[in-house]
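[1] My questions concern the predicted model and sequence given below.
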Amino acid sequence: MFFKLIIFVILLYLIIVLYGRYKHPYWFYHPVDFFYTLSKEEGVIGQPYYIHNYNRDYRCSRWSNSEEIIDFLNENFQPGGGEYLYKNTKKGTIFYKIMSKKDNYVSGCISARKVNVILDNKEYIIWYIDHLALKISERNNRIATDLISYMIKDTGAQIIIFKKDNQPLPFKYFCKYNYYKVLDKGKPEQPNVVDDISLKKKYSMYIQPDKGECIFLEKNGCYAIVYYSGILDSNKKEIYEIAYAENKEMAQLSVNYLEDKTSRILVNELSETNLLYKTEYLSTNYLYFYNYRKYVMNPKDIFICIP
């Protein structure tokens, strides 16, 4: 019986390795955490030898024209099924574009933003990746990998965090969580606005909220954090997210504070803030590390606040 079990484990391992190698050849040679990896120690994954073969019909470069970026995102990047509009690009975010050499038009884009992360009491500087978007006509040309490879090379990034909406990537995520729309109605009482708060001792993974882009609320020694998400709803009203509320009172006060500013307030399962509200499900998201292995984490142990 034991011998059969050993044979089964070996066969299963080989099947998964072959599947990853031939079904997902790009990610197979990258330092990401596939299920078949035998070494399971957490931390930086050794960089494998890999040279990306770029598509000769396209070229990648940085993209700095904010108006062009917003227009492209509104046309091609709609995880909400066309409900959202982008208004501006965030400070410190680097955008990249891939262009057809033949027609010289933009075929896709991706963004990268540097953030400070405290992970299991160790501080890291990592890159948060977002806005991977391709024109519909280009999505079978395998150019998304060109954008990812170029971005990694240009930034010199080692540890990277990906957020993937709705459909998982072909390697191991360390967290899966849901987004919700808040259905609560606001009341007259308002919280106080304060300069800063720190919550890092509460979480195994913590990204310090940006003082310039987040709003810190307080009442009777309790706190909440809200921020503008950078997108508009179909009525062109700003969409805000509540990243943290210490209790039900602060949850309600956050809604009160945002009531006149927005028609849509979002929360998610990170830090369990969603449990303080009456909500409507919107989407499922997945978090991944590139070049770092991390065991599956409970969303309540994670605080990510990236406007």
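    Thanks, I have the structure now. Numbering: from 1, shown residues only.
[2] all contacts plus neighbour counts: C-alpha atoms, from now on.
    Fine.
[3] how about stretch 278-296: buried residues?
    279, 284-294 (16 or more other Cα atoms under 10 Å).
[4] Check stretch 233-243 too.
    Applying a neighbour-count criterion of 16+ other Cα under 10 Å, one finds 233, 238-243 buried in stretch 233-243.
[5] longest helix anywhere in this structure?
    In the chain, assigned by DSSP state H, the helix with the most residues is helix 2-23.
[6] which helices and strands sit right next to that helix?
    Using 3 or more Cα pairs under 8 Å, 6 or more residues apart in numbering; DSSP states H and E as the contact test, no helix or strand touches helix 2-23.
[7] which residue ranges form the strands in the stretch 51-200 of the chain?
    For the stretch 51-200 of the chain, applying DSSP state E, counting those that start in this stretch gives strands covering 58-63, 85-86, 93-100, 106-119, 122-134, 160-165, 175-182, 192-194.
[8] Switch these over to JSON lines; also include distance to residue 35.
    Converted to JSON lines, the strands of the stretch 51-200 of the chain look like this (distance: least, Cα to Cα, whole Å):
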{"stretch": "strand 58-63", "distance to residue 35": "31"}
{"stretch": "strand 85-86", "distance to residue 35": "36"}
{"stretch": "strand 93-100", "distance to residue 35": "30"}
{"stretch": "strand 106-119", "distance to residue 35": "22"}
{"stretch": "strand 122-134", "distance to residue 35": "22"}
{"stretch": "strand 160-165", "distance to residue 35": "17"}
{"stretch": "strand 175-182", "distance to residue 35": "15"}
{"stretch": "strand 192-194", "distance to residue 35": "44"}
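[9] Now do the next helix or strand after the longest helix of the chain: everything it contacts.
    Next in sequence after helix 2-23, counting helices and strands by DSSP states H and E, comes helix 25-28. Outside of helix 25-28, the residues within contact range by Cα atoms under 8 Å, 6 or more residues apart in numbering are 20-21, 34, 145, 170-171.
[10] cool, stretch 130-149 as well?
    In contact with stretch 130-149 (Cα under 8 Å, 6+ apart) are residues 26, 52, 54-55, 60, 73, 76-77, 96-98, 107-112, 162-163.
[11] which one of the strands of the stretch 51-200 of the chain has the lowest average pLDDT?
    Of all the strands of the stretch 51-200 of the chain, the minimum mean pLDDT falls on strand 85-86 (a mean of 76).
[12] Sheet-wise, list the partners of that one with their directions.
    When pairing is defined by DSSP bridges, strand 85-86 lines up against strand 222-232 (antiparallel).
[13] mind showing which ranges of the stretch 101-250 of the chain have poor pLDDT?
    Nowhere does the stretch 101-250 of the chain drop to pLDDT under 70.
[14] Give me the three-state assignment for residue 46.
    Recorded secondary structure, residue 46: coil (DSSP: H, G, I helix; E, B strand; the rest coil).
[15] pLDDT (mean, whole number) over stretch 261-274?
    If you average the pLDDT over stretch 261-274, you get 87.
[16] quick one on the thing from earlier: farthest pair in the buried residues of stretch 278-296?
    Farthest apart among the buried residues of stretch 278-296 by Cα to Cα are 279 and 291. That separation is 35.2 Å.
[17] give me the number of residues near residue 55?
    The tally of other residues near residue 55 (other Cα atoms under 10 Å) stands at 13.
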